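Peer 1: Kindly return the folded structure for what I paste below:
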Amino acid sequence: MTSPRTLTPGLPFLWERARRVNPSSLVARARRAGRRHGRSTLGVVVDMLWQAGVRGVGFQDYIDYDFAMLTRAERATYMTSPVSHRLAVRFDDPAYRHLFHDKIAFNGTFAPHLQREWMVVTDDNADDVRAFALRHGTIVTKEPMGRAGLGVHRYLARDVTDWSRFHRGLLDRGETLIEEVIRQHDELAALCAGTVNTTRVTTYFDGERTHVLAMAQKFGRGAVSDQNAFGGFYAMLDETGRATGDGYDSNDRVYPTHPDSGIRIADFRLPMFDEVLEFVDRLARVVPQVRYVGWDIAVSPTGPVLVEGNWAAGVYENKPSATGIRTGHKPRYLAAIDADAAGSASPLPHAAPARAVA
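Peer 2: I've put the predicted structure just below:
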């Protein structure tokens with residue numbers, strides 16, 4: 001049986017987290033949360049430590065998902081980073097994780113679903129790099145082991161004057177994966193044309209069916225990546241692909257409209273939503289040994305395109321102060337993973353079953 005208690009991080013994990021606590025950062029976060037929700041700084045600090053040590057709630061989870069304003073029952077509906085990590089360790093076979101962690105291995109494994117040209121930089125292929133870049137005009141380079149958008153770069157071929165030097169620079173910096181830039185759907189480009197705005201779809205594959213646990217639409221700000229580190233933000237999507245409210249980021253900023261285009265975030269609906277669900281079902285079956293995955297999908301004019309998959313899926317959750325919704329997605333995770341756990345989670349408010357794709 002998979003229960004909320006068995007998903008709580010163990011003592012070694014919690015001890016390692018405790019060793020890395022930055023007291024000044026903790027107090028600063030607690031002070032901001034206290035001001036926002038009308039609570040004392042000391043009270044929030046104590047609550048954050050208790051939630052981290054007993055409930056498996058990361059400090060950033062506590063801030064991002066407005067735990068300071070939630071009841072105990074409401075908090076229990078939220079998926080958190082430590083609990084998500086425990087799911088990944090339990091359900092993603094270590095022998096196959098490298099196929100997701102290494103971007104070159106990932107591209108080779110999922111090549112039919114990328115729908116774009118890509119190549120690997122080696123010591124002797126400077127001419128091939130030049131031809132690739134000139135053919136596409138703009139290229140994206142990636143460090144194969146980069147995470148959270150870090151290690152992703154964008155170059156214009158017209159800016160390169162010395163191709164031998166450019167090639168050597170890619171090798172020296174470890175940018176050994178080159179990809180064609182994805183052309184996104186016009187509705188997504190209208191929000192921010194300078195960034196490919198991706199959809200994070202978190203799934204669990206039970207061996208027969210793919211369960212969609214959560215979906216979030218990420219919005220870029222013109223940089224090469226739509227991740228938070230590049231100024232991006234996101235909004236959760238409902239069962240029809242519509243945004244559940246305003247957008248938000250991990251710096252406690254809320255976005256009623258996109259800052260660059262002025263488009264209202266709550267009006268967003270993912271184009272080709274049904275096609276995206278069918279697409280992730282196919283993806284989940286490629287490496288069935290890695291059952292719990294966060295897929296980053298781009299919707300092109302002709303259909304969904306795979307950007308990458310993350311075996312350590314990370315967490316995208318609802319922010320009550322941005323949406324007015326005071327519950328999260330944890331019951332969906334439990335329902336997909338274990339029917340008994342779904343029964344134990346069902347009394348939580350507004351628990352919704354995970355959407356299964358046959």
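Peer 1: pull the helix or strand with minimum mean pLDDT from this protein.
Peer 2: Within the chain, no helix or strand scores below helix 339-345, which has a mean of 37 by mean pLDDT, DSSP states H and E.
Peer 1: Poorly predicted segments of this structure, please.
Peer 2: 1-20, 148-149, 339-358 (pLDDT under 70).
Peer 1: any chance you could map the strands in it?
Peer 2: Taking DSSP state E as the criterion, the chain carries its strands at 118-120, 138-142, 152-156, 177-180, 199-205, 210-219, 233-236, 247-248, 254-255, 292-300, 303-310, 355-357.
Peer 1: May I see those organised as CSV, with mean neighbour count added?
Peer 2: All C-beta atoms are positioned from the backbone trio N, CA, C, and that covers glycine. Shown next, in CSV, are the strands of the chain (neighbours: other CB atoms under 10 Å):
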stretch, mean neighbour count
strand 118-120, 16
strand 138-142, 21
strand 152-156, 16
strand 177-180, 21
strand 199-205, 25
strand 210-219, 25
strand 233-236, 25
strand 247-248, 26
strand 254-255, 16
strand 292-300, 23
strand 303-310, 21
strand 355-357, 17
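Peer 1: Let me know which of those strands is the nearest to D102.
Peer 2: Closest to D102 of the strands of the chain, according to CB to CB: strand 177-180, at 9.5 Å.
Peer 1: helices or strands up against that closest one?
Peer 2: Applying 3 or more CB pairs under 8 Å, 6 or more residues apart in numbering; DSSP states H and E, one finds that strand 177-180 makes contact with helix 103-109, strand 118-120, helix 126-136, strand 138-142.
Peer 1: and of these, who's closest to W163?
Peer 2: W163 sits nearest to helix 126-136 of all the helices and strands packed on strand 177-180, at 4.3 Å, using CB to CB.
Peer 1: That closest one vs strand 138-142, what angle?
Peer 2: In terms of direction (axes from the mean of the first three to the mean of the last three CA atoms, to 10 degrees), helix 126-136 departs from strand 138-142 by 130 degrees.
Peer 1: ok so, going back, let's have the helices and strands packed on strand 177-180 in TSV, adding distance to F273.
Peer 2: Shown next, in TSV, are these (distance: least, CB to CB, whole Å):
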stretch	distance to F273
helix 103-109	24
strand 118-120	27
helix 126-136	29
strand 138-142	26
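Peer 1: what's the spacing between A193 and V254?
Peer 2: In this structure, A193 and V254 are 23 Å apart, going by CB to CB, to the nearest Å.
Peer 1: mind listing what's buried in the longest helix along the chain?
Peer 2: Secondary structure of the chain read by DSSP state H shows that its longest helix is helix 23-37. Under the neighbour-count criterion of 16 or more other CB atoms under 10 Å, helix 23-37 has L26, R29, A30, R32, A33, G34 buried.
Peer 1: And these, which is closest to F106?
Peer 2: Nearest to F106 among those, with distances taken as CB to CB, is R29, at 33.7 Å.
Peer 1: can you pull the contacts of the nearest residue to that closest one once chain neighbours are set aside?
Peer 2: The shortest distance from R29 to any non-neighbouring residue, by CB to CB, 6 or more residues apart in numbering, is to I63 (5.4 Å). I63 makes contact with R29, R32, A33, S250, D252, according to CB atoms under 8 Å, 6 or more residues apart in numbering.
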